[in-house]
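Enquirer: give me coordinates for this.
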Amino acid sequence: MKNARQILVKNGVHIGTQRKVADTKRFIFKIREDGLAILNVQDTIDRLRTAAKFFAKYPAEEVLVVASKEQAWRPVQKFAEFTGFKCMPGRFMPGTMTNPNLEYFIEPSLLITVDPYGDRQAISEAIAKGIPVITLASTNNTLENIDLAIPCNNKGRRSLAAVYWLLTNYVLYERGELKENESIATQVEEFVGDVPDEQE
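Expert: Coordinates of the predicted model:
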């Protein structure tokens, strides 16, 4: 998509945190004078495209999207609406992927989360079942047991909207449902939730 970089920067996707952990240092482009990390936007774009190629290999009903952060609820719901993926915004119920006796038990083949820490229950169950895990990650996130991390601001509602909007377009392109440089008619703004940004 021609204007992917512009969309990401406009919505603050490149803004990391003041905390930097070893796992995510490779994604940092520079450190501002106030100590805030700035992420390399090209890394974000490249990994979104890689994730989209991965998603396109799976039937939609086998992909699970989870998001404990309230700021991500609307973006992931819109993402699932366009892609047909299963979506679980809010608290992830223990046993969802590991206890067949539960009425809400499901067996996905791929998991995507918004935050490695906030969504740790879902990630631990995916690991137990041998399911690949893709996650959004800022500079304060550790990436143990993560198969693919997408570096981005995973706290801001506008940033999350932009990431999931762009990922929606890339997935549909990889499926052959959009042409190169085409985008869905729905704008980024319609992916934005109505809750305040998370504070670090």
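Enquirer: okay but Gly95 is in contact with Leu102, surely?
Expert: Yes - applying C-beta atoms under 8 Å, one finds Gly95 in contact with Leu102, separated by 5.1 Å. Any C-beta I mention is one placed from the backbone N, CA and C, and that applies to glycine too.
Enquirer: give me the below-cutoff pLDDT ranges for this protein.
Expert: 199-200 (pLDDT under 70).
Enquirer: and the residue nearest the centre of it?
Expert: The centroid of the chain falls nearest to Leu136 when counting by C-alpha atoms, centre = their mean (4.2 Å).
Enquirer: tell me the contacts of it?
Expert: 113-115, 149-150, 152, 154, 160, 163 (C-beta atoms under 8 Å, 6 or more residues apart in numbering).
Enquirer: over to Ile146?
Expert: 116, 123, 133-135, 137.
Enquirer: how does it look with 7 Å?
Expert: 116, 133, 135 (C-beta atoms under 7 Å, 6 or more residues apart in numbering).
Enquirer: possible to save those as CSV with distance to Arg32?
Expert: Putting those into CSV (distance: C-beta to C-beta, whole Å) gives the following:
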residue, distance to Arg32
Pro116, 24
Val133, 30
Thr135, 25
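Enquirer: closest to Val13 out of those residues?
Expert: Thr135 (14.9 Å; C-beta to C-beta).
Enquirer: dump the contacts of Ile146 to JSON lines, plus neighbour count, secondary structure and distance to Lys78.
Expert: Output for the contacts of Ile146, formatted as JSON lines (neighbours: other C-beta atoms under 10 Å; DSSP: H, G, I helix; E, B strand; the rest coil; distance: C-beta to C-beta, whole Å):
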{"residue": "Pro116", "neighbour count": "23", "secondary structure": "coil", "distance to Lys78": "22"}
{"residue": "Val133", "neighbour count": "21", "secondary structure": "strand", "distance to Lys78": "21"}
{"residue": "Thr135", "neighbour count": "26", "secondary structure": "strand", "distance to Lys78": "19"}
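Enquirer: return the member of these nearest to Ala185.
Expert: For the contacts of Ile146, the nearest to Ala185 is Thr135 (28.3 Å; C-beta to C-beta).
Enquirer: C-alpha coordinates for the helix ranked longest in the chain, CSV please?
Expert: Using DSSP state H to define each element, the chain has its longest helix at helix 157-174. Extracted in CSV, the C-alpha atoms of helix 157-174 (Å, rounded to 0.1, in the frame of the first residue of the first chain):
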residue,chain,number,x,y,z
ARG,A,157,-6.4,3.7,20.3
ARG,A,158,-5.5,5.5,17.1
SER,A,159,-2.4,3.5,16.7
LEU,A,160,-4.2,0.2,17.2
ALA,A,161,-6.8,1.3,14.7
ALA,A,162,-4.2,2.1,12.1
VAL,A,163,-2.3,-1.2,12.7
TYR,A,164,-5.5,-3.4,12.4
TRP,A,165,-6.8,-1.3,9.4
LEU,A,166,-3.6,-1.8,7.6
LEU,A,167,-3.4,-5.5,8.5
THR,A,168,-7.0,-6.0,7.3
ASN,A,169,-5.9,-4.6,3.9
TYR,A,170,-2.8,-6.7,3.7
VAL,A,171,-4.7,-9.9,4.6
LEU,A,172,-7.4,-9.2,2.0
TYR,A,173,-4.7,-8.5,-0.6
GLU,A,174,-2.9,-11.8,0.2
